[in-house]
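Colleague: The following block contains a protein sequence and its predicted model.
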Amino acid sequence: MGEMTEAITSAAPSKARRAAPIGPGRLLSWTLFIFGVLYFALPLIGMFEFSLRKRRGAYSFDAYTSVLGDPQFQATFSYSLIMSVVTIALGLLLVLPAALWVRIRLPAMRPVVEFITLLPLVIPVIVIAFGYLRMFNTSSFLPMTGTVMTTNLLLAFGYSTLALPYMYRAIDNGLRTLDVQTLTEAAQSLGAGWFTILFRIMLPNVFTAVLSGAFLTFSIVLGEYVFAALLDRPAFGPYMIWIGGNKAYEPAALAVIAFAITWGCMGLIQLAGRLAPHTRAAR
Amino acid sequence: MPAMRSASVSRIAANWVGVIPFLAFAAVFLLLPTLNIVVGAFRDSSGAYTLDTLAKLFEPRLANSFWLSIRVSFFSAALGALLGFLIAAAVVHGGLPAWVRAPLVTFSGVAANFAGVPLAFAFIATLGRIGFVTVILKEWFGLNLYGMGFNLISFWGLIFVYLYFQMSLMILIIMPSIEGLKREWREAAESLGASGLQYWRMVALPVLFPSLLGTFALLFANSFGAIATAQALTGSSQSLITIQLFAQIRGDVLQDPNLGYAIAFGMIVITAVANAIYIVLRQRAEKWVK
């Protein structure tokens, strides 16, 4: 966001430049822009209009009351909500120490850790889920799919791997703005243990950065389909697929709700990003 | 002596203790499951090592699915990259008011993450047989989309839907590169008498080329692994390789469990190549645009 405003302010004096357009011509530019706006906006308008059509002959919010009142919706939505909270906590517990150690103790490990965090973007989700079914089935050495509770845990682990790229980048960006070496040494000289350093010194300092990773993880987990479907857990993603095959107007209402949630998450990420420098300046 | 050894051991332990949980987790829940699949691809059902399982990927039914996935990914990535680039270039350099930039980037962030099942629903509600736009075109303009051969649940329909997250991801990634083009380069080109077109063809595009191609590779991988959008949009009428593998895992429809590993391995190879291209070109792009 900081880069954006900078780009805009730095663009302002360039108004004085000669009139000759250096990009595509002005008319072509507007055409492209309007095409983009139409392409992006029409499906949103379309899904909203469609979601209001449930009652014959008049617009109504019937599809929304039907969806929100569906016990299945409530159950799967809260299941995914809890899952995302567990995933975020797990991701934080794994990534924060690793990112800090790479900075202060093991800089040589940075390429390895970074490579690992990029892997979930390279390996298709369905392949990881497939691997889980093979490695953790009931006849394996770690039969996690044997009970409901351990399957839930396995799903949370799966989601945590999907969140790795985002959590790591967010936390590492946060740590970059700190003088972690000095903070660590200062804390140690005052007798702080590693737990204190990690969760009472580093965490509050990178909190806004963590938030942006957390909201992204939240929006990913909420809509995730493949893992939940293959591990056969009653999550929100498989529920949406089911509604899509069985109802007419409710899917559009669900899409509106999902879009609102995505928008909310991205808005909160930007808000977190904007808050970060201020809180630091105030200190 | 023992005291010294235990001191150095504890020192090594202190050096590694923060990274160990992460590495252990990644090993057990990311690397080993994937490795398991890869090894399975080189085995037959009795556990003996063989290349026969992989060879089965070239049988028409699977080869067709791979080819379909590759074509969908290729066209959605190419069109997404092209249109996303043009829109970003138009917004930055096309004389559009500067205030449209920030909302466009914010919106692209949302749209790039608005994928999966809800995206399919949004397009069905808009361009399905009784969708918003379909109905408007028919009632206001007398245009019968479906009478003209249009079908959302088709090869091009799927690509059209994928463009939603592909184009927005492109805008998101390429925008900083376009903004990073130095004004001096343009002024130098102009003072040498270059036209706008020449500037783009001989200066800007060559500089941007690694980012353009790299992002294309990223978009390709992005759509290659996707499944939920296609599943919600087309059911299984478009038998993408992800949909085939999904069916295979759920019901063992191919009567050969090892074939599933071979499919998964094939997918890893394709996305790995695409991502390797992205990473290499990204590094090259950063050399110019700083």
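Modeller: Structure received.

Colleague: Quote the end-to-end distance of stretch B:176-185.
Modeller: Start-to-end span of stretch B:176-185 (Cα to Cα, to the nearest Å) is 17 Å.

Colleague: What segments of the stretch 1-150 of chain B are helices?
Modeller: With helices called from DSSP state H, counting those that start in this stretch, the stretch 1-150 of chain B shows them at B:2-16, B:20-26, B:32-41, B:52-55, B:60-93, B:101-113, B:117-127, B:132-141.

Colleague: Could you pull up the contacting residues of residue A:49?
Modeller: B:125, B:132 (Cβ atoms under 8 Å, 6 or more residues apart in numbering or on different chains). All C-beta spots, glycine's among them, are computed from the backbone N, C-alpha and C.

Colleague: State the pLDDT value of it.
Modeller: With respect to pLDDT, residue A:49 has a value of 92.

Colleague: What's the separation between it and residue B:169?
Modeller: From residue A:49 across to residue B:169, the span is 26 Å (Cβ to Cβ, to the nearest Å).

Colleague: need the next SSE after whatever helix or strand residue B:159 lives in, C-terminal direction.
Modeller: Residue B:159 belongs to helix B:155-179 when assigned by DSSP states H and E. Sequence order places helix B:183-191 as the next helix or strand after helix B:155-179, per DSSP H and E.

Colleague: and the direction of the helix holding residue B:159 versus that of helix B:117-127, what angle?
Modeller: 110 degrees (axes from the mean of the first three to the mean of the last three Cα atoms, to 10 degrees).

Colleague: Buried residues of helix B:155-179, list them for me.
Modeller: Of the residues in helix B:155-179, B:157-175, B:177-179 count as buried by neighbour count, 16 or more other Cβ atoms under 10 Å in any protein chain shown.

Colleague: after the helix or strand harbouring residue A:204 comes which helix or strand?
Modeller: Using DSSP H and E, residue A:204 sits in helix A:203-205. Following helix A:203-205 in sequence order, the next helix or strand is helix A:207-223 (DSSP H and E).

Colleague: ok, the residue nearest the centre of chain B to chain A distance?
Modeller: Centroid-nearest residue in chain B: residue B:222, 1.6 Å away (criterion: Cα atoms, centre = their mean). Look at residue B:222 and chain A: by Cβ to the nearest Cβ, to the nearest Å, they are 9 Å apart.

Colleague: Tell me where the model's unsure across chain B.
Modeller: Counting by pLDDT under 70, chain B contains low-confidence ranges at B:1-7, B:252-255, B:286-290.

Colleague: Can you give me the domain boundaries for it?
Modeller: B:1-41, B:54-288 (automatic domain parsing).

Colleague: Residue A:106 is nearest to which of the ones you listed?
Modeller: Among the domains of chain B, the nearest to residue A:106 by Cβ to Cβ is domain B:1-41 (6.1 Å).

Colleague: Report whether that closest one contacts chain A.
Modeller: Yes: using Cβ under 8 Å from any Cβ of the partner chain, we find that domain B:1-41 touches chain A at B:14-19, B:21-23, B:25-26, B:29-34, B:36-37, B:40.

Colleague: Contacting chain A as well, which ones from the buried residues of helix B:155-179?
Modeller: Among the buried residues of helix B:155-179, proximity to chain A is found for B:163, B:164, B:167, B:168, B:179 (Cβ under 8 Å from any Cβ).

Colleague: just to revisit the earlier point, the helix holding residue B:159 versus helix B:60-93: what angle between them?
Modeller: Counting by the same axes, to 10 degrees, helix B:155-179 lies at 40 degrees to helix B:60-93.

Colleague: and residue 45, what is it in contact with?
Modeller: All of this is about chain A. Residue A:45 touches B:126, B:132, counting by Cβ under 8 Å, 6+ apart.

Colleague: meant chain B actually
Modeller: Contacts of residue B:45 by Cβ under 8 Å, 6+ apart are B:256, B:257, B:258.

Colleague: Which member of the ones next to chain A among the buried residues of helix B:155-179 is positioned nearest residue A:138?
Modeller: residue B:164 (40.1 Å).

Colleague: quick one: the closest one and residue B:158, what's the gap?
Modeller: Using Cβ to Cβ, we find residue B:164 at a distance of 11 Å from residue B:158.
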